[in-house]
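S.K.: Generate a structure from the sequence data that follows.
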Amino acid sequence: MFPVFQMCEWLYNSAVGTSIRESPLLFPLIETAHVLGITLLVGTVAIIDLRLLGIVLTTEKVSEVIVEIEPLALWGFVLMFVSGFFLFWSEAEKSYGNQAFRIKLVLLLLAGLNPLIFHSTIYRSIDKWDETRVTPPQARFTAVVSLLLWAAIIVSGRAIAYFR
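M.R.: Here you go, the predicted structure:
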């Protein structure tokens, strides 16, 4: 057996994993928090992406939209991550071999790299294009990639239930 599988097995069989899984209220509450976290994260990220694409808030500076909305996205990420970890904890052994779960993890990694690349590249020259309706191609590309990744994450997350 692989050490990762052993860890998943331990999480699944732990008191916490069993309690979450067998509770008539705990699992649904955590799942609800997870969906709300995803909604907050993806909703706020979508606003930023749509501004980068020149579709919404075109009279607002890109930097102001980002400064105002990123804290909400961070809270959504924290809620999504923490609740997702507890959901995983309760289903770790089952999730280990689930292809949809593995795809979701890879997509989450890519979705996390996307803003890091954006902030370390094109965002550094934002003073040159901050007030323009049409942002540079690199910024628009980042926005399209972000929207596609988050849509794929939602689809793969939902598919986890069907790939047991």
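
S.K.: most residues in a single helix of this protein, which one?
M.R.: Assignment by DSSP state H gives helix 62-96 as the longest helix of the chain.

S.K.: what helices or strands is it leaning on?
M.R.: helix 3-13, helix 15-22, helix 26-52, helix 126-129 (3 or more Cβ pairs under 8 Å, 6 or more residues apart in numbering; DSSP states H and E). For glycine as for every other residue, the C-beta is placed from the backbone atoms N, C-alpha and C.

S.K.: Looking at the ones you listed, spot the one closest to residue 148.
M.R.: Of all those, helix 26-52 sits nearest to residue 148, with 9.9 Å by Cβ to Cβ.

S.K.: List the buried residues for that closest one?
M.R.: 27, 30-31, 33-34, 37-38, 40-42, 44-52 (16 or more other Cβ atoms under 10 Å).

S.K.: what residues does the strand or helix carrying residue 145 touch?
M.R.: Secondary-structure assignment from DSSP states H and E places residue 145 in helix 137-159. For helix 137-159, the surrounding residues in contact (Cβ atoms under 8 Å, 6 or more residues apart in numbering) are 38, 42, 45-46, 48-50, 52-54, 62, 100-101, 103-104, 107-108, 110-111, 114-115, 117-118, 121-123, 129.

S.K.: Mind doing that once more with 6 Å?
M.R.: Outside helix 137-159, the residues within contact range by Cβ atoms under 6 Å, 6 or more residues apart in numbering are 42, 49, 52-53, 100, 103-104, 107, 110-111, 114, 118, 122.

S.K.: other SSEs contacting the helix or strand following the longest helix of the chain?
M.R.: Counting by DSSP H and E, the next helix or strand C-terminal to helix 62-96 is helix 99-120. Packed against helix 99-120 by the contact rule (3 or more Cβ pairs under 6 Å, 6 or more residues apart in numbering; DSSP states H and E) you find helix 137-159.
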